[in-house]
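Chemist: need a structure here:
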Amino acid sequence: MSLIDNPEQARRLARAIISDVAIYNRDKVEQGIKNDNIFEILTDELEEGRQHFISRVAPQLASSNIFEIAVVDVLIKRAGKIESSIW
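Modeler: Numbering: from 1, shown residues only. Here you go, the predicted structure:
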């Protein structure tokens, strides 16, 4: 399998990975937003997702901030309806 070298495809992959993290860890996401510790609660899941992303994209894209932007856009922004002191 060849590595993804198109930035738009890399963004889609990152968003898909983070969407899966959010879907399969709904309770953790909710608790993490409510308690303002989402990154601590999802450390293992986010690191697994990051490693998967890195394994699928070209090195110049793996070292970019594409994955981190997807975390904010998909995981954090979508959780905006959850009651929390961080909003």
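
Chemist: residues of the worst-scoring helix or strand of the chain on mean pLDDT that come out buried?
Modeler: The helix or strand of the chain with the poorest confidence is helix 26-34; it has a mean of 91 (mean pLDDT, DSSP states H and E). Using 16 or more other C-beta atoms under 10 Å as the test for burial, helix 26-34 gives 29-30, 32-33. Yep, even glycine has a C-beta here, placed from its N, CA and C like the rest.

Chemist: Just flag the most distant two among these.
Modeler: Greatest spatial distance among the buried residues of helix 26-34 (C-beta to C-beta): E30 and G32, at 7.3 Å.

Chemist: circling back: want to throw the buried residues of helix 26-34 into CSV with distance to P59?
Modeler: Converted to CSV, the buried residues of helix 26-34 look like this (distance: C-beta to C-beta, whole Å):
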residue, distance to P59
V29, 30
E30, 35
G32, 30
I33, 33
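
Chemist: Just give me the closest of these to E47.
Modeler: For these, the nearest to E47 is G32 (14.8 Å; C-beta to C-beta).

Chemist: who's in contact with the closest one?
Modeler: 38-42 (C-beta atoms under 8 Å, 6 or more residues apart in numbering).
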